[in-house]
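Q: pasting the sequence and the predicted coordinates here, then a few questions.
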Amino acid sequence: MAKTAQTLLGVGLLPQVFPTESFAATQSRTSQEGAKAPAKNVIYLYMAGGQSHIDTWDPKQGESAGPTKPIQTSADGIQISEYLPRTAKHMHLGTIIRSMSSTQGAHAQGNYYMHTSYEVRPTIQHPSLGAWLSHFQGPGNPTLPASVYVGGDSGHPAAGFLPAKDVPLFVNNPNNGLKNLEFQKGLTPEKHLERMKLAFSLDNEFHQKFRTSGVSAYREMYEAAYRMMKSADLVAFDLSQEPAEIRAAYGKDIFGQGCLLARRLVEHGVRFVEVGCPGWDTHVDNFNKIADPCRALDEGLSALLGDLQSRGLLRDTLVVVTSEFGRTPAISNTQGRGHHPAAFSSVLFGGGVRAGSVHGATDPTGSQVTSRKVTIPDFNATLAHALGLPLQQVTLSPSGRPFTVAHKGKPVTELFA
Amino acid sequence: MRRLLCLGISIAGIVFAPWGAPAAVSLKHAAAEIDAILDADRKAAAIVRNPPISEEVFVRRVFLDVAGRIPTPHETLTYLQFQHPDKRAMLIETLMQRESYTSNFFNFWADILRYVSWSVHSPAGVRYAYGKHLKDALSTNKPYDRFVRELLSAKGYPWENGAVGYYERDHGMPFDNMAITTRIFLGTQMECAQCHDHPFDRWKQTDFYKIAAYTFGEGRFDPLSKQPHLAGIIGRFTASLESRDPRRVLKLPKTFKESDGKPGDVILPTPLFGPPAAVKPGEDPGEVFAQWVASPQNPRFTTVIVNRLWKKLFGVGVIRDFDDLRDSTTPMVPALEHYLEKLMVALGYDMKAFLTVLLNTQTYQSAASAVDPNPEAIHHFPGPLLRRMTAEQIWDSLVALVSHEPEAKNWVNEAEERKFHITHQFTDLLLESDHVQLRDLYLNEFKVPEWDAQAAKAQGELQVEQDAVRRGSGSAEHLAKLKEANARAQTQAGEASILFAKRALEEFRKKRGWTEDQVVIDGEMRPYAPGHSHGSQWLQRVYLPGYGDSPKTPEQTKAESEAKNRRLLEYAARIGIAPKDHAGFLKYCEKLEARSRGPWGGLIESWYRASELISPTPRGHFLRVMGQSDRTLVDNGRQDPGIPQAMLLMNSDLVSSNGLMHRFSPLMISVGKEQTMAGKMDAAYLALFSRKATPAEHALWEKANGQGLRDIQDLIYALLNTQQFIFIQ
């Protein structure tokens, strides 16, 4: 690979541009304790807008339930809401955390806190978990981005203060594949190559004159881009490679197709994929409005779990369902639910988590956590622990301020089998 | 006239202005003084200044540094052909007078101030007022100390003072705003001390509270908040007053754990360093604070700005970490630091004059450094560092290659200005109304809430049935009836809301003594929209005297558009576009202004300069891919590479006949005028690098011709993908 690109572009390249480490060699990672980390990959499904825990993972009886009914699941004694019938058949694979608790009750702040474990500060931007993974362990597949975000949230904290190489690749619409990856229409690969060779040769004098890291980094960027364009793994971004029935099974929403893309990316060595699922901010008409995001989640998640399991990927892949906060047990006079950070639910599947169980609980109305509270930093520490990230290691921002993955949260290790 | 300038007519006669030095200081002498200091410093360090640069390198560099974009071929040739011993100084002076200076330095300050042009948390038009305030300050070359004082002491409504946007930007986060203030204007980082004593610097948490006490209690005050039913009809179109509540005092927080105080202790405003700044009875603490910050007596105020501007031109400050000054901080060249601060004070904080001095130094006009400076070692400034253009400089350069009017104003901003006037007039309307009377009209005469409730009910019933039909249990017939009922209820609620709004406006008109003719309603409403917003939408069509320009009549709009087309056609004829292509040329120019999703995948707001677009641009926009700040952090623009940049430049339509290489782009027109391939190559080099190609480069291109590259498009594609293009030599 390295040699080919070198002759192709006809210039001498720094050896580090082409990591010799093979894709397979990057596969086994260990946690800071030296024990084998429970999970290699994370597929992080984010329920944007604040998911009503009472109408999904923590169904209640009585007034706060409204018309929503609980249903039985494949896990003994665990009920979830009737809005998630397909997922109910996979509950024996996962653990519901019903004791999540956040301190942030506004969307942007809650979203940021959930993604970074730090509160919003205008003086610093903190990295999200995929960026931390890239920072500590590099990309899973050196020809692909270290982490990918699928969805439309432009407020995503991305890599925060970490360098550009740790920034997730953003994919707005999974159906469209990657932007600008193909040669321009009408431009053959051969001609493109000649043009780039011309660019390099016309620029050689400039490069000889200015031997700065900034200039050479740009030449490396073109090499890396070229390598990615040539990567056999790029096909991971092309959903049209999937049989029609598989695509249909994931649901036609962007979220469902995003779940399918996540599976393909994980298969090709991308270790952290986030997929956004919008539509949970049900201030008005909760019981009708919630049907749409629930259906999207139910289709996408159940197809993903079934698919990962049948391909033997679920053991190493932690599937996370989470949100910035839950919603109020009280139902407003417009049949809506407000923001409720005090208590809500997140769910983990695969990736070594204890199967078919529930962690923590809320009171009978779903208002307060009554046992085993999990804070946002604790939750993120749990995910970081699953990936073998060093929770204690201090990383200095460019301005010299000290930060850690998950902001000193305590991992809930009993969630893992 | 502006457009004519943009079309390059008067550029032929670039007005080489006389040396515009402020009275007391000779700028030329100052430039020589800086060189003398640096020559002595370099001599002591056994370093020589880099060789002087050619006129070609100079013209490109100085255009980028002052005007924010590369020069057009016409501008380059005009300069190169101009004969005068002082022509560099003259070009600097000329560029300083142009509007491009404002555009370029607006981008610079927008990054430092984290300027966001739009926010859902902000009343419509308020951010526009702040942006305009900043642009006006640069355009009128407001002295820097006054500029800062105005931001820090701003009070009132946005139409009284656009500078209130400085606090409004961080509404609800006064402590963070203070940490930003001390950092950007005093180079003093207090973030850590917000919550505990600073671990590496001398600041204690109590120091932070002492300085925060100056502006504590400031914030948005909404005199209308007790009249929610009134504000309700106007939606987002009322602004709050930036003011201070004198009853609020700052106390140490419950979580305070340090030894020099206890939770609940009242903290009085006290400066961090420098001269005392006690707040006397009757004084506004915010004003006292602003005076203390923006003063030559403040030991850090001048230090920060001279370094900030020096870094902008030379790539690194005389003090590297000028935004994190410590007691131990030593400038790399102390004599230079001392002189620059003295100069800034002598110039009365005139930023244009200060920049002019720096641009006229031999040091600035020397070759860029060919290697990275050692970040640990003292830098002796043999010349500027080689800098990658900022995202805005790259974008603005592309705009000049693609657009025949690269300095044009974005029409979208006119809409923002209108929103600002709407907010102003609605706020005044509500402030000046008889609230008891309005409340009575609202509740009892027009019964707005009652109609609203009915509309909400009808909407709810409709949704329930729609859902039932979707599940297969509802009735289509019943659904049709509910739809009809809902439409009726919405219309009634809308009408009630409009009637109330009209009446409120009528009372305001009488109060102000305007004739009916003076109140202009632009267009009619569509008769259907839900609830409250209807009255608000109606009011948005109202133009009142003294609140911005009246709407353009269709005739005016038509005349303007015709005049513009005429101008463009005259221009087209002058640059030699064949008559059969005139219609196509007009269409091309029109398309550049359209707001659309560009063919290269990212959202292209349209081909206006960066300072004319929303700030920040959305993720995926060219500017963001190239590193424009997302405006969350101070000085957050990036100049490092990323794979999406290469993908964008190589594979998108940007560098194709659908983008920069469209046959009507200024770039392709100037290339197309040449008959020979060698001539075309020189024209392309002139447009992109402000010089002709060397014989060696001609030879490389001829060699490539043998490899199947025969079109000038092949060459231009290659040149736009070089590093020479995006670096400032």
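A: Sure, I can see it.

Q: A:Leu144 touches A:Ala232, doesn't it?
A: No - taking C-beta atoms under 8 Å as the definition, A:Leu144 is not a contact partner of A:Ala232, at 10.4 Å. For every residue, glycine as well, the C-beta is placed using N, CA and C.

Q: more crowded one of these two?
A: The neighbour comparison of A:Leu144 against A:Ala232 (other C-beta atoms under 10 Å in any protein chain shown) goes to A:Leu144, with 22 against 9.

Q: name the element that one belongs to?
A: Taking DSSP states H and E as the definition, one finds A:Leu144 inside no helix or strand.

Q: and it, how far is that from chain B?
A: The gap separating A:Leu144 from chain B is 10 Å, by C-beta to the nearest C-beta, to the nearest Å.

Q: so what's the residue most central in space within chain A closest to, chain neighbours aside?
A: Geometric centre of chain A, nearest residue: A:Glu274, 2.2 Å, by C-alpha atoms, centre = their mean. Spatial nearest neighbour of A:Glu274, chain neighbours left out: A:Tyr44 (4.3 Å); criterion: C-beta to C-beta, 6 or more residues apart in numbering or on different chains.

Q: and the helix or strand hosting the one you found, how far out from the chain middle?
A: In the assignment (DSSP H and E), A:Tyr44 maps to strand A:41-47. Relative to its parent chain, strand A:41-47 has a centroid offset of 4 Å by C-alpha atoms, centre = their mean, to the nearest Å.

Q: quick check: neighbours of the very next helix or strand once past it in the sheet, parallel or antiparallel?
A: Next along the chain after strand A:41-47, taking DSSP H and E as the criterion, comes strand A:70-72. Under the criterion DSSP bridges, strand A:70-72 sits next to strand A:79-81 (antiparallel) in its sheet.

Q: ok, and what's touching the strand it pairs with?
A: A:54-57, A:59, A:68-73, A:87-88, A:91, A:96, A:294 (C-beta atoms under 8 Å, 6 or more residues apart in numbering or on different chains).

Q: please redo it, this time with the cut-off set to 7 Å
A: The contact list for strand A:79-81 (C-beta atoms under 7 Å, 6 or more residues apart in numbering or on different chains) reads A:Asp55, A:Thr56, A:Trp57, A:Pro59, A:Thr68, A:Pro70, A:Ile71, A:Gln72, A:Thr73, A:Thr87, A:Ala88, A:Met91.

Q: now swap in stretch A:353-371 and tell me
A: For stretch A:353-371, contacts defined as C-beta under 7 Å, 6+ apart pick out A:53-54, A:58, A:60, A:64, A:75-76, A:78, A:91-99, A:101, A:318, A:329, A:342-343, A:372-374, A:412, A:415-417.

Q: ends of it, how far apart?
A: End-to-end distance for stretch A:353-371: 19 Å, by C-alpha to C-alpha, to the nearest Å.

Q: what do you get for stretch B:607-626?
A: Stretch B:607-626: ends 16 Å apart by C-alpha to C-alpha.

Q: what about it and chain A, touching?
A: Yes - counting by C-beta under 7 Å from any C-beta of the partner chain, chain A has neighbours in stretch B:607-626: B:Pro618, B:Arg619.

Q: quick one, helices of the stretch 1-150 of chain B?
A: Taking DSSP state H, counting those that start in this stretch, the helices of the stretch 1-150 of chain B run over residues B:2-6, B:27-44, B:55-62, B:73-81, B:87-96, B:99-113, B:126-139, B:144-153.

Q: from the contact counts, what lies against the third one?
A: This means helix B:55-62. Helix B:55-62 is packed against helix B:73-81, helix B:87-96, with contacts defined by 3 or more C-beta pairs under 7 Å, 6 or more residues apart in numbering or on different chains; DSSP states H and E.

Q: quick one, the first one and helix B:55-62 angle?
A: What it means is helix B:73-81. In terms of direction (axes from the mean of the first three to the mean of the last three C-alpha atoms, to 10 degrees), helix B:73-81 departs from helix B:55-62 by 130 degrees.

Q: so which of the contacts of stretch A:353-371 are in strands?
A: Judged by DSSP state E, strands contain the following of the contacts of stretch A:353-371: A:Gly94, A:Thr95, A:Ile96, A:Ile97, A:Arg98, A:Ser99, A:Ser101, A:Leu318, A:Val374.

Q: strands along the stretch 301-417 of chain A, start to end?
A: Ranges of strands in the stretch 301-417 of chain A, per DSSP state E, counting those that start in this stretch, are A:317-323, A:326-327, A:339-340, A:344-350, A:357-359, A:361-362, A:369-371, A:374-375, A:395-396, A:402-403.

Q: just say which of the ones you listed is most tucked in.
A: Mean neighbour count (mean count of other C-beta atoms under 10 Å in any protein chain shown) peaks for strand A:326-327 among the strands of the stretch 301-417 of chain A, with a mean of 31.

Q: adjacent strands (with direction) for it?
A: Using DSSP bridges, the strands paired with strand A:326-327 are strand A:339-340 (antiparallel).

Q: contacts for the strand it pairs with next, please.
A: With C-beta under 7 Å, 6+ apart as the test, strand A:339-340 has contacts from A:Gly50, A:Gly105, A:Phe325, A:Gly326, A:Arg327, A:Thr328.

Q: now, which of those sits nearest A:Gln184?
A: For the contacts of strand A:339-340, the closest approach to A:Gln184 (C-beta to C-beta) belongs to A:Gly50, at 42.7 Å.

Q: quick one, strands of chain B?
A: Secondary structure of chain B (DSSP E): strands at B:218-221, B:241-244, B:250-251, B:266-267, B:387-388, B:520-521, B:542-543, B:596-597, B:603-604, B:727-728.

Q: can you tell which of these is closest to A:Gly351?
A: The nearest among the strands of chain B, by C-beta to C-beta, is strand B:603-604 at 35.9 Å.

Q: ok, the residue in the stretch 451-600 of chain B that chain A sits nearest to - contacts?
A: Nearest to chain A in the stretch 451-600 of chain B, going by C-beta to the nearest C-beta, is B:Asp467, at a distance of 4.8 Å. Going by C-beta under 7 Å, 6+ apart, B:Asp467 touches A:Asn288.

Q: that older thread, possible to save the helices of the stretch 1-150 of chain B as TSV with distance to B:Trp701, mean pLDDT and mean neighbour count?
A: Listed next are these as TSV, based on distance: least, C-beta to C-beta, whole Å; pLDDT from 0 to 100; neighbours: other C-beta atoms under 10 Å in any protein chain shown:
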stretch	distance to B:Trp701	mean pLDDT	mean neighbour count
helix B:2-6	32	30	15
helix B:27-44	39	96	17
helix B:55-62	19	98	20
helix B:73-81	18	96	18
helix B:87-96	30	95	21
helix B:99-113	32	97	21
helix B:126-139	42	94	22
helix B:144-153	48	97	21
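
Q: no further questions, thank you.
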